[in-house]
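*Asks:* Show me the folded form of this:
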Amino acid sequence: MCRWLSYIGEPVYLEKLVFEPRHSLVEQSLRAEQAKTPTNGDGFGLGWYDERKTPGLYREILPAWNDPNLRSLAHHIRSGMFFAHVRASTGTETSRTNCHPFAHDNFLFMHNGQIGNYSLVRRVLEAMIDDEFYASRQGTTDSELIFCLMLTFGLRTDPHRAIRKTIEVVEREMRNRGITAPFRFTACLANGESVCAIRHASDDKSPSLYWRKRDNHVIVVSEPLDAESDSWIAVAPNHTLHVTRDLQICEEPTMVATGCKGAA
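*Replies:* Numbers count the residues shown, from 1 in each chain. Have a look, this model is predicted:
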């Protein structure tokens with residue numbers, strides 16, 4: 001399973017979270033504490049927003065701890081909304097196109113989890129993707145497929161409905177093929193104005209997800225970045241967390257979510 005973080009708030013240099021904390025994301029790429037596998041060395045990625053409408057994106061197949069480009073970029077890039085992700089593959093190849101985050105127009109998306117027995121449902125799910133989004137798909141992961149489905153189901157106009165419908169469709173097709181392996185989906189979306197983080201699983205083992213708010217920012221993470229455990233709040237299983245640019249926070253059940261005012 002992967003590890004990731006998202007940040008929204010006053011602009012900071014990415015190294016502030018990617019490298020500096022005691023249990024930073026780079027440290028988690030070597031020694032994750034709440035993941036199925038402690039090592040997340042199958043590539044990494046950064047996605048960030050600046051003055052432009054569309055996000056910047058950098059992805060690489062080297063382990064995060066072993067790429068000097070990551071340290072240099074994190075030292076120089078300053079952003080008020082960014083994603084960082086370290087990957088542990090669940091079966092698809094290690095390539096740049098399979099590294100997170102994924103981007104389309106003004107959206108960023110990253111994921112931790114998997115579609116159980118993905119190969120058995122991949123073809124039928126791919127057939128549901130609109131041509132526009134299928135043509136822009138670059139990799140082979142279930143994560144990017146999920147992102148394409150959300151875009152197909154109206155992410156631009158009604159993100160909450162798109163998320164719900166994607167989950168419903170994936171779980172329906174898994175049932176249709178008798179798949180008993182779980183669908184685990186802890187993911188994060190951004191549109192440049194707000195962040196939406198989802199913690200969902202078809203069983204009772206949702207991958208971990210936490211958030212913390214300070215005066216001028218909110219951080220959402222797969223696992224805490226430091227030992228201040230009391231300051232990190234766990235997102236409830238099968239819930240969605242919304243954070244707006246002005247740091248308004250709302251958490252609600254994913255499958256009945258109506259969306260918080262101003263949230264993606």
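
*Asks:* Ala181 in helix, strand or coil?
*Replies:* coil (DSSP: H, G, I helix; E, B strand; the rest coil).

*Asks:* And the helices in this structure?
*Replies:* Secondary structure of the chain, counting by DSSP state H: helices at 15-18, 25-31, 68-76, 118-126, 131-136, 142-152, 159-176.

*Asks:* Need the nearest residue in space to Thr113, chain neighbours excluded.
*Replies:* Not Thr; residue 113 is Gly. In this structure, Gly113 finds its nearest non-sequential neighbour in Arg184, 3.5 Å apart by C-beta to C-beta, 6 or more residues apart in numbering. (Glycine included, C-beta is placed from N, CA and C.)

*Asks:* Look up which residues are beta-bridged to the one you found.
*Replies:* Counting by DSSP bridges, Arg184 is bridged to Gln114, Ala201.

*Asks:* can you check Leu5 too?
*Replies:* Assigned bridge partners for Leu5, using DSSP bridges, are Ala84, Val221.

*Asks:* Just confirm it contacts Pro224, I think it does.
*Replies:* No. The pair Leu5 / Pro224 is not scored as a contact, 10.2 Å apart, by C-beta atoms under 8 Å.

*Asks:* so can I have JSON lines of the helices of the chain showing mean neighbour count, mean pLDDT and distance to Gly41?
*Replies:* Shown next, in JSON lines, are these (neighbours: other C-beta atoms under 10 Å; pLDDT from 0 to 100; distance: least, C-beta to C-beta, whole Å):
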{"stretch": "helix 15-18", "mean neighbour count": "21", "mean pLDDT": "97", "distance to Gly41": "15"}
{"stretch": "helix 25-31", "mean neighbour count": "22", "mean pLDDT": "93", "distance to Gly41": "6"}
{"stretch": "helix 68-76", "mean neighbour count": "15", "mean pLDDT": "96", "distance to Gly41": "13"}
{"stretch": "helix 118-126", "mean neighbour count": "15", "mean pLDDT": "97", "distance to Gly41": "21"}
{"stretch": "helix 131-136", "mean neighbour count": "12", "mean pLDDT": "95", "distance to Gly41": "28"}
{"stretch": "helix 142-152", "mean neighbour count": "24", "mean pLDDT": "98", "distance to Gly41": "17"}
{"stretch": "helix 159-176", "mean neighbour count": "19", "mean pLDDT": "97", "distance to Gly41": "27"}
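
*Asks:* could those helices go into TSV alongside distance to Ser208?
*Replies:* Putting those into TSV (distance: least, C-beta to C-beta, whole Å) gives the following:
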stretch	distance to Ser208
helix 15-18	17
helix 25-31	11
helix 68-76	23
helix 118-126	21
helix 131-136	29
helix 142-152	17
helix 159-176	18
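
*Asks:* residue closest to the middle of the chain?
*Replies:* Met110 (2.7 Å; C-alpha atoms, centre = their mean).

*Asks:* wouldn't that one be in contact with Cys99 here?
*Replies:* No. Contact between Met110 and Cys99 fails when scored by C-beta under 8 Å: they sit 9.6 Å apart.

*Asks:* which neighbours do those two share?
*Replies:* 45, 85 (C-beta atoms under 8 Å, 6 or more residues apart in numbering).
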